[in-house]
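1. Here's a sequence, model it:
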Amino acid sequence: MNCDEFVELVTAFLDGALDPATEARFVEHLALCEGCERYLEQFRTTITELGELPPESLSPAVREDLLNAFRAWH
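-> From the prediction side, this is the model:
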């Protein structure tokens with residue numbers, strides 16, 4: 001697994017939604033990559049600090065803009 005794939009799977013990992021093989025690859029990458037370990041910890045901290053944003057509070061346009069920003073982030 002590379003870092004780009006790792007980033008794409010973080011939410012599914014935190015939701016417990018990865019299949020066992022993918023989760024094993026995810027955890028293996030996490031053990032080897034300091035940057036992704038830091039990214040996951042930042043993600044967890046953000047969730048803890050901000051809680052959940054109810055989906056209905058975002059307009060479709062804002063939601064799409066946010067998703068596009070994260071997809072384009074490297």
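2. When you work out contacts or count neighbours from here on, use the C-alpha atoms and nothing else.
-> Will do.
3. pLDDT below threshold where in the chain?
-> 52-55 (pLDDT under 70).
4. can you give me the helices for this structure?
-> 3-14, 20-32, 34-50, 60-72 (DSSP state H).
5. Could you pull out the buried residues of stretch 13-28?
-> Phe13, Leu18, Glu23, Phe26 (16 or more other CA atoms under 10 Å).
6. And the residues you listed, which is closest to Glu64?
-> Nearest to Glu64 out of the buried residues of stretch 13-28 is Phe13 (CA to CA; 21.8 Å).
7. Look up how far Asp4 lies from Thr45.
-> Distance of Thr45 to Asp4, computed by CA to CA, to the nearest Å: 20 Å.
8. Quick check: chain neighbours aside, which residue is closest to Val10?
-> Of all residues not flanking Val10 in the chain, Leu40 sits nearest, at 7.0 Å (CA to CA, 6 or more residues apart in numbering).
9. what's the neighbour count on the closest residue in space to Arg25 that isn't next to it in sequence?
-> Once flanking residues are discounted, Arg25 sits nearest to Met1: 6.3 Å by CA to CA, 6+ apart. Look at Met1: counted by other CA atoms under 10 Å, it has 12 neighbours.
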